[in-house]
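Visitor: Structure of the sequence below:
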Amino acid sequence: MPHSVTPPSESATPIAMDQDAPAPMPENGQSPEQDIVMADADVPVEVPVSAPVPTSSDTPPPVKVQETEPSEEIPQGKRGEIKLEDLFEGMDSDEDEEFPSGVKGDILTSQVPPSSQSPITHKESTSELLPIFYQRFFPWRHYFYWLNHSPTPTNDFKHREFSLWLQNEVVMRFRSYPTLDLFRKEVLHLMPNRIEIGPIYTANPRDRKTFRNSSAFRPVAKELCFDIDLTDYDDVRTCCDKANICVKCWQFITMAIKVLDTALREDFGYEHILWVYSGRRGAHAWVCDRRARQLDDHKRKALASYFVVLKGGKEAGKRVNLRRPLHPHLARSLDILKDHFQKDILETQDPWREPERSAYLLSLLPDADLREALRKKWENQPSRNSSQKWADIDALAKTSASSSMSPKDLLEAKQDIVLEYTYPRLDVVVTQQLTHLLKSPFVIHPGTGRVCVPIDTDRLEDFDPADVPTIGGLVREVDSWSAEHHYPVKREDEDGEAKGKELQDWEKTSLKPYIDLFRGFVSGVVKEERDAVRIKREREENEGEGIDF
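Guide: Here you go, the predicted structure:
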C-alpha cells in the first residue's frame, strides 16, 4: 500500500478537497490565490499550543469531497513579492529555523512523557509537540532549496503542489506557495500532521479551474519516486507482519535499497538519489536529477517495469520465472543479494521451518522426483531448519532421485527462489505517475512519533528504524542540553574555535546528522541545476553570436 495515500485515521474518513476543483472562493469574495496569501514577514503567526489528537492508519478509506475550506484561515495581509534577502533577513547562512534556539527558557518537558518512554506513541503528545517541531527542528531553508532547485524563488516551487493532512481529518489538495515564507506560515498556522509533495505544473495549481478542459494546465515535472513497504513482504518475513517491524525484517528494505540504488546509478546514470525512512515500515526514494524530474508518465512506466521481477501473488504459485541468460541488472542483483539470502533469509527469517511453508518451497522446484524425495526427508526430520533444507536440495539433486533435472535447470530454479525472497517489491504506481503524491521528508509519523529522516546509503547496514529520532525525544534532548549548558554555545570552526551564531536546537540533538546529510544532498542538486542553467545560457549566447545580420 503506498505511503503517499495513507490517511491519518483508521476509523474516520478524511475529507479531501476536490482534486478537479480549486479551493472554494471565501465568502468575502476574494480570489482563490488570496485565500492563502499570508501576512508579510514582519507579521507574527499564531501557533496553537495544542491541536486535535491525530490518529493513524495504513489503509485509506474512501475519500469524501469537501466543498468548503476548513474553518481555519490565514490572516490576510499586504500582498506583494517577498525578496529573498528579506525572507532570510537576520538569519545566519547555516540557520534554518524561523524561531532561533536563543529564545530564553527550556522547552516544556511537562509536554513530554519521561525519557524512558521512547518512542513517543501517545497521540496527544505527538499532537501537542508539532508546533515545537515545525518551529525549531524542521529544516525550512534547505527544504525550499531542494524543491526549488535554487536559492532564488522559481516556478519549480511556485507551481509545486502540496497536500496538507490536517488533524481534524481534512486533506487539503493543490496547495501552492509563491515563497518559502508563505509556505512556512501556513504550515505553522494549520499544523498538518502530514505533508505530501506532488508535481510541478505549468501554472499555479490554485488557478487550475481557469484551465479546465485545457492542456494549458498539466504536470510537467516531479522527482522520480520509489516506494518500498514491508507489508509487501508479509509472505516471506516471519518475525513480524502488517505494520509491525523490527531490525530483522528491516533487512528487506536494506536489500531493496542496495539493488535499486545501484541500478539507478549504474544503469541509468542518476546521481542525486535521496532515500528517506517513511516513519514506520518503509522507505522512499527521490531521484532528483533534472532529467529524471522531466520524465513523462510513459517513460516512468517503462522505467518502473525495468524493476518488476515478481508477478502475481503467492496464491498464484511461482512468482519469478525469468528468461535466460539473465539480464545484467538481474545478474548483478543476485550477486548483491546472495549473502543477504544466506544470513537474513535462511538463518534469520528461517522461512521454511514450518511444514506449510516448506511445501511452498517444494512447489518452486520443477522436478517431481526431487520434490518427492525432499518431502519424505523433511517429514522424517521435521526439526530441519531452512539452511539445512536449502542444502538438501543440492544434496538430493546429485543422487538418482532426480535423473531428469540438469544442474543448469536446478541452478536457474534456485536463482529464481533467491530473487523471490530478496528482490525489491515496489508499489509501481508511485513510480509510474507524475501526479502521484508522496509523503514529504522530515514530517512526523503520527503513529510512531518518528521523524521521516534521510537514510545514509554509505552506512546502510547501520540504519535501525528503532534508533530514528522521535518528536518527544528531540524535545528531551534539547532540555537536557539546556540543563548542561547555562551559557550560549556557538558553532565551532575547523580549528575548534567558537564562532558565528549560537547553535540551533536541531544541532543539539540526534537529528543533526540527518539534517547535515540532507543539506549536503541538496547542495549537490542545486549545483547541478546551476551548472545546467549556465551551460544552457552559454549555448544560447554562442548560437546568437553565429547569426549574421
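
Visitor: what's around V236, how many residues?
Guide: Around V236 there are 18 other residues, counting by other CB atoms under 10 Å. C-beta here means a position set from N, CA and C on the backbone, and glycine is covered the same way.

Visitor: measure the spatially closest residue to it that is not a sequence neighbour to R160 for me?
Guide: Leaving aside its sequence neighbours, V236 sits nearest to Y421 (CB to CB, 6 or more residues apart in numbering; 5.1 Å). Computed as CB to CB, to the nearest Å, the Y421 to R160 distance reads 39 Å.

Visitor: what does P131 give?
Guide: 24 Å.

Visitor: Which one of these two is surrounded by more residues?
Guide: Set side by side, P131 and R160 show more neighbours around R160, with 23 against 17, by other CB under 10 Å.

Visitor: Check which helix or strand the residue nearest to the more buried one when sequence neighbours are not counted maps to.
Guide: Nearest non-adjacent residue to R160, counting by CB to CB, 6+ apart: I200, 5.2 Å away. Per DSSP states H and E, I200 falls inside strand 194-201.

Visitor: So which residues make contact with that strand?
Guide: Residues from elsewhere that reach strand 194-201, judged by CB atoms under 8 Å, 6 or more residues apart in numbering: 4, 8, 147, 155-156, 159-165, 187, 205, 208, 217-223, 293, 434-440, 443, 446.

Visitor: And stretch 302-322, by the same measure?
Guide: With CB under 8 Å, 6+ apart, stretch 302-322 has contacts from 224, 226, 235, 260, 263, 267-268, 295, 329-330, 360, 363-364, 412, 415-417, 419-420, 423-426, 428, 431-432.

Visitor: mind listing which of those residues are in helices?
Guide: If you go by DSSP state H, the contacts of stretch 302-322 have 260, 263, 329-330, 360, 363, 412, 415-417, 419-420, 428, 431-432 in helices.

Visitor: I'd say the residue nearest to V236 and P351 touch.
Guide: Yes - using CB atoms under 8 Å, Y421 is in contact with P351, at 6.8 Å.

Visitor: Mean confidence (pLDDT) on the helix or strand where S480 lies, please.
Guide: For S480, the host element (DSSP H and E) is helix 471-484. Averaged across helix 471-484, pLDDT comes to 94.

Visitor: How about that helix, which residues are buried there?
Guide: For helix 471-484, the neighbour count (16 or more other CB atoms under 10 Å) marks 471-479, 481-482 as buried.

Visitor: Looking at the residues you listed, which is nearest L374?
Guide: Nearest to L374 among those: G473, at 49.1 Å, using CB to CB.

Visitor: Against F162, how distant is that closest one?
Guide: G473 is 27 Å from F162, by CB to CB.

Visitor: again with S125
Guide: 26 Å.

Visitor: Comparing those two, which residue is more hemmed in?
Guide: Between S125 and F162, F162 has the larger neighbour count (other CB under 10 Å), namely 23 against 19.

Visitor: distance of the more buried one from Y177?
Guide: On the measure of CB to CB, F162 and Y177 end up 7 Å apart.

Visitor: same deal with T238?
Guide: For T238 relative to Y177 (CB to CB), the value is 46 Å.

Visitor: which residue ranges form the strands in this structure?
Guide: For the chain, the strands defined by DSSP state E cover 15-17, 64-66, 160-165, 170-175, 194-201, 219-221, 224-229, 273-277, 282-287, 438-439, 490-492, 498-502.

Visitor: ok, of those strands, where does mean pLDDT dip lowest?
Guide: Across these, the lowest-scoring stretch is strand 64-66, with a mean of 36.

Visitor: Roughly how far does D241 sit from L230?
Guide: Separation of D241 from L230 (CB to CB): 9 Å.

Visitor: nope, L190 is what I meant
Guide: Going from L190 to L230 by CB to CB gives 30 Å.

Visitor: More neighbours: which of these two?
Guide: L230 (26 against 22).

Visitor: Let me know whether that one touches C249 as I believe.
Guide: Yes - contact criterion CB under 8 Å: L230 and C249 qualify, at 5.9 Å.

Visitor: residues shared between the contacts of those two?
Guide: 237, 240.

Visitor: leaving aside the residues next to it on the chain, what's closest to L130?
Guide: Here the residue nearest L130, using CB to CB, 6+ apart, is M191, at 5.0 Å.

Visitor: do S363 as well
Guide: Spatial nearest neighbour of S363, chain neighbours left out: G317 (6.5 Å); criterion: CB to CB, 6+ apart.

Visitor: show me where pLDDT drops low in this protein?
Guide: By pLDDT under 70, the weakly predicted segments of the chain are 1-124, 213, 314-316, 400-403, 487, 491-500, 544-549.

Visitor: Might you report the residue contacts of P192?
Guide: For P192, the contact set (CB under 8 Å, 6+ apart) comprises 164-167, 172, 443.

Visitor: Quickly note the distance from the closest residue to it other than its chain neighbours to R384.
Guide: Leaving aside its chain neighbours, P192 sits nearest to L164 (4.1 Å; criterion: CB to CB, 6+ apart). Per CB to CB, L164 is found 54 Å from R384.

Visitor: Looking at those two, which one has more neighbours?
Guide: It is L164, of L164 and R384, that has more neighbours when counted by other CB under 10 Å, with 20 against 17.

Visitor: Quick check: the more buried one touching F183?
Guide: No - using CB under 8 Å, L164 is not in contact with F183; the gap is 10.1 Å.

Visitor: re earlier: so which of T238 and Y177 has more stuff around it?
Guide: The neighbour comparison of T238 against Y177 (other CB under 10 Å) goes to Y177, with 23 against 19.

Visitor: Can you verify my assumption that the more buried one contacts N155?
Guide: No - the pair Y177 / N155 is not scored as a contact, 12.0 Å apart, by CB under 8 Å.

Visitor: For the stretch 201-350 of the chain, which segments count as helices?
Guide: With DSSP state H, counting those that start in this stretch, the ranges of helices along the stretch 201-350 of the chain come out as 250-266, 290-293, 297-306, 328-340.

Visitor: Would you mind finding the most buried of these?
Guide: helix 250-266 (a mean of 20; mean count of other CB atoms under 10 Å).

Visitor: helices or strands next to it in the packing?
Guide: Judged by 3 or more CB pairs under 8 Å, 6 or more residues apart in numbering; DSSP states H and E, helix 250-266 is in contact with strand 224-229, strand 273-277, strand 282-287, helix 328-340.

Visitor: which residues sit against the second one?
Guide: This points to strand 273-277. 257, 261, 264-265, 283-288, 441, 450, 452-455, 457, 463, 465, 468, 518, 521.

Visitor: can we see that at 7 Å?
Guide: Outside strand 273-277, the residues that touch it by CB atoms under 7 Å, 6 or more residues apart in numbering are 257, 261, 264, 283-288, 441, 452-455, 457, 465, 468, 521.

Visitor: got the angle between it and strand 282-287?
Guide: Taking axes from the mean of the first three to the mean of the last three CA atoms, to 10 degrees, one finds that strand 273-277 is oriented at 160 degrees with respect to strand 282-287.

Visitor: next one: the last one
Guide: Relative orientation of helix 328-340 with respect to strand 282-287: 150 degrees, computed using the same axes, to 10 degrees.

Visitor: from now on call the first residue 206
Guide: In the new numbering, first residue 206, that becomes helix 533-545.

Visitor: quick one: helix 533-545 to chain centroid distance?
Guide: Centroid separation between helix 533-545 and its chain, computed with CA atoms, centre = their mean, to the nearest Å, is 24 Å.

Visitor: try the shortest one
Guide: Centre-to-centre, strand 478-482 and its host chain are 6 Å apart (CA atoms, centre = their mean).

Visitor: Then the third one?
Guide: For strand 487-492, the gap between its own C-alpha mean and the chain's C-alpha mean amounts to 4 Å (CA atoms, centre = their mean).

Visitor: Can you spell out which helices and strands pack onto it?
Guide: Contacts defined by 3 or more CB pairs under 7 Å, 6 or more residues apart in numbering; DSSP states H and E place strand 487-492 against strand 429-434, helix 455-471, strand 478-482.
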